[in-house]
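Got a predicted structure plus its sequence, pasted below:
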Protein chains: 2
Amino acid sequence: MADTSTRSVERALLLLGAVCERGTVSLAEAARDAGLSASTALRLLRTLESTGFVRRDGAGGYRAGLRVVQLGAQALSSESLVSLAEGALDRLVGLTGESAYLSVPSHDGHGVYLAVREGTHSVRHASWVGRSIPLEGTAVGAVLSGTTPSTGYVVVRDGVEADVTAIAAPVRAGGRIAAALSVVVPSYRIREDESAGIGMHVAREAAAILPVTSATPEGESA
Amino acid sequence: MADTSTRSVERALLLLGAVCERGTVSLAEAARDAGLSASTALRLLRTLESTGFVRRDGAGGYRAGLRVVQLGAQALSSESLVSLAEGALDRLVGLTGESAYLSVPSHDGHGVYLAVREGTHSVRHASWVGRSIPLEGTAVGAVLSGTTPSTGYVVVRDGVEADVTAIAAPVRAGGRIAAALSVVVPSYRIREDESAGIGMHVAREAAAILPVTSATPEGESA
DNA sequence: ATTTGTATTTCACTTATTGAAACTCCATTT
DNA sequence: AAATGGAGTTTCAATAAGTGAAATACAAAT
């Protein structure tokens, strides 16, 4: 498929990724990241700017524009991975009473929450869509980093967030880790031996999210 | 600036928009939407697919891919419009005790919520990021459609959502309406004459969100 | 003053992009 | 059964779209 791809589009999308992942980026940095000449990068960034995908801040740096936010939000609301995961998230909350999350890698050494279902207890873990999660010291991080043990899930008790136990499992697409499904419990409410039960539920739900999809785009292009 | 734009990139981004806005789209529909030949659309969509921005479902339709969701979420979590609006949203909730929202136009005749802050009452309006809002009969819709009266805010009592009163004001960038900031109150909790007080707060907060940004991409390209 | 780095513009060159045509397949209509 | 219409996919000749080196302007550092 690589030979039927459109080079200028690939380059523009690379630049868009650099802008969104870096938060703010100068023309020179973006050009270096994408391995392009400054003039080529400028023209492509100008195209992204004129279509609303990036915007320019007062200091001349490029930032994510409204269009990518809009499309991201629309993608979130359509029958996307998030929609597919909604049933799983609801079932996990119903089963455990604890908060459940879907997260994806964000290519800058973090994960990011895409979907959130809060638990039913008065005292529960609280977080939000768009929140960044470190990959070090978190169950989600271990899963997204590809270090899930053979049990199929990861348990991190009192990791980077004090007083909570996080249990996560990988959502796979075509053999690759597309996302992580997780449940976060106040540690006082879960004994060490109880985490296995929840872990198996999380792993089962995660495995069922993308059951029959064709290989992912990355798989197909590899 | 139009003469220094990159046509193939513009076309690919148009196709990306069609996919995200339609939820699922066939090659023929996407090509028609973008005014391209089928073979051109196929190649551009393949490029979007190989870079993760779109994916193909089992029936051959194109859908939003993980990459646009990731970048959208990252854009959401960075110092973007949403981050800038967070203070305003928090202050409005603190001030009114009611639910507050940031929404943007979605180009398909709707608005879409980008950020949500729930109110502090037990009985409150509830909604979510990514939710679509009709432009007809809503305060947000009036604002995004550019029909804000000189008061600076719009009040819609018992509009498309029964039993709530919505108050919205425009977030402007370079003289254009970039988004709407709104507060939604159960109607039993707000008298007709009280909406003006809240409206002025919403308008003030909205006006302060993008104080010194350069013109928006659309403004610059016009 | 010189050097370094960034952003922007220009333009000759070439190759990347394009779309018409052909092909395959399927469903519907005659 | 044959004809029609539509979708998806492949091919390839033509050309103009995209490219990047070079020049320019500006600012900051030495």
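It's in.

so which strand or helix has the residue of chain A positioned farthest from its centre?
Relative to the centre of chain A, and counting by Cα atoms, centre = their mean, the farthest-placed residue is residue A:39 at 32.2 Å. According to DSSP states H and E, residue A:39 maps onto helix A:38-50.

repeat for residue A:63
strand A:62-64.

Give me the average confidence score over the helix or strand just after that strand.
Using DSSP H and E, the helix or strand that follows strand A:62-64 in sequence is helix A:66-77. Per-residue pLDDT values over helix A:66-77 give a mean of 76.

for helix A:66-77, the distance to its chain's centre please.
How far helix A:66-77 lies from its chain's middle: 14 Å, per Cα atoms, centre = their mean, to the nearest Å.

got it, and stretch A:43-55?
With Cα atoms, centre = their mean, you get 24 Å for stretch A:43-55.

beta partners of the most centrally placed residue in chain A?
Closest to where the C-alpha atoms of chain A average out (Cα atoms, centre = their mean) is residue A:104, at 1.7 Å. Following DSSP bridges, residue A:104 is listed with bridge partners residue A:112.

Is it in contact with residue A:112, as I believe?
Yes. Applying Cβ atoms under 8 Å as the test, residue A:104 and residue A:112 come out as touching, 6.1 Å apart. Every C-beta, even on glycine, is put in place using the N, C-alpha and C of the backbone.

shared neighbours of those two, anything?
Listed as contacting both residue A:104 and residue A:112 by Cβ atoms under 8 Å, 6 or more residues apart in numbering or on different chains are B:70, B:73.

Show me what from chain A comes close to DNA strand C.
Along chain A, the residues adjacent to DNA strand C under the rule Cβ under 7 Å from any atom of the strand are A:6-9, A:26-29, A:31, A:38-39, A:42, A:60-61.

Selection in PyMOL covering whichever of those are buried, please.
To isolate the buried ones among the residues of chain A next to DNA strand C in PyMOL, judged by 16 or more other Cβ atoms under 10 Å in any protein chain shown, type:
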select buried, chain A and resi 6+8+9+27+29+31+42+61
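
among the residues of chain A next to DNA strand C, which are in reach of chain B?
Applying Cβ under 8 Å from any Cβ of the partner chain, the subset of the residues of chain A next to DNA strand C adjacent to chain B comprises A:6, A:8-9.

Closest to DNA strand D out of those?
residue A:8 (3.7 Å; Cβ to the nearest atom of the strand).

ok, and the helix or strand in chain A with the lowest average confidence?
Taking mean pLDDT, DSSP states H and E as the measure, chain A has helix A:217-221 as its least confident helix or strand, at a mean of 32.

Closest residue of chain A to chain B?
Nearest to chain B, among the residues of chain A, is residue A:72, at 1.1 Å (Cβ to the nearest Cβ).

so what's that residue closest to, chain neighbours aside?
Spatial nearest neighbour of residue A:72, excluding adjacent residues (Cβ to Cβ, 6 or more residues apart in numbering or on different chains): residue B:72 at 1.1 Å.

Could you do residue A:95 as well?
Once flanking residues are discounted, residue A:95 sits nearest to residue A:201: 5.8 Å by Cβ to Cβ, 6+ apart.

what about residue A:171, which SS state?
Classification of residue A:171 using DSSP: H, G, I helix; E, B strand; the rest coil returns strand.

Identify the residues contacting it.
A:81, A:85, A:102, A:177-181, A:206-207, A:209-210.

Switch these over to CSV; also include secondary structure.
CSV is the format used below for those (three-state DSSP):
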residue, secondary structure
A:81, helix
A:85, helix
A:102, strand
A:177, strand
A:178, strand
A:179, strand
A:180, strand
A:181, strand
A:206, helix
A:207, helix
A:209, helix
A:210, coil
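
who wins for neighbours among these?
Tallying neighbours with other Cβ atoms under 10 Å in any protein chain shown puts residue A:180 at the head of the contacts of residue A:171, with 32 neighbours.

For residue A:36, the count of nearby residues, please.
For residue A:36, the count of nearby residues is 18 (other Cβ under 10 Å).

didn't it look like it was pressed against residue A:11?
Yes. If you go by Cβ under 8 Å, residue A:36 and residue A:11 touch, sitting 6.2 Å apart.

Common neighbours of the two, please.
Shared contacts of residue A:36 and residue A:11, defined by Cβ under 8 Å, 6+ apart, comprise residue A:44.

Show me what from chain A comes close to DNA strand D.
A:4, A:7-8, A:11, A:36-40, A:43-44.

Which member of those is positioned nearest residue B:50?
For the residues of chain A next to DNA strand D, the minimum distance to residue B:50 (Cβ to Cβ) is 9.0 Å, reached by residue A:4.

measure the closest one to residue A:141 for me?
Distance of residue A:4 to residue A:141, given as Cβ to Cβ, to the nearest Å: 36 Å.

and these two? which has more neighbours close in?
Each of residue A:4 and residue A:141 has its neighbours counted (other Cβ under 10 Å); residue A:141 has more, 25 against 11.

if I pick the residue nearest to that one when sequence neighbours are not counted, what's in contact with it?
Of all residues not flanking residue A:141 in the chain, residue A:135 sits nearest, at 3.4 Å (Cβ to Cβ, 6+ apart). Going by Cβ under 8 Å, 6+ apart, residue A:135 touches A:105, A:109-111, A:141-142, A:144-145.

Flag whichever of those residues scores worst on pLDDT.
Among the contacts of residue A:135, residue A:109 has the weakest pLDDT, 65.

List the residues that contact residue A:186.
Taking Cβ under 8 Å, 6+ apart as the test, what residue A:186 contacts is A:121, A:123-125, A:163-165.

at 6 Å instead, please
A:123, A:164 (Cβ atoms under 6 Å, 6 or more residues apart in numbering or on different chains).

again with residue A:111
Residue A:111 neighbours (Cβ under 6 Å, 6+ apart): A:103, A:105, A:133, A:140, A:144.

Of those - the most surrounded one?
That'd be residue A:140 among the contacts of residue A:111, by other Cβ under 10 Å, with 32 neighbours.

Verify the assumption that that one is located in a strand.
No. Using three-state DSSP, the assignment for residue A:140 is helix, not a strand.

My guess is it contacts residue A:182. True?
Yes. The criterion here is Cβ atoms under 6 Å, and residue A:140 meets it with residue A:182 at 5.3 Å.

which neighbours do those two share?
Contact criterion Cβ under 6 Å, 6+ apart; residues shared by residue A:140 and residue A:182: residue A:168.
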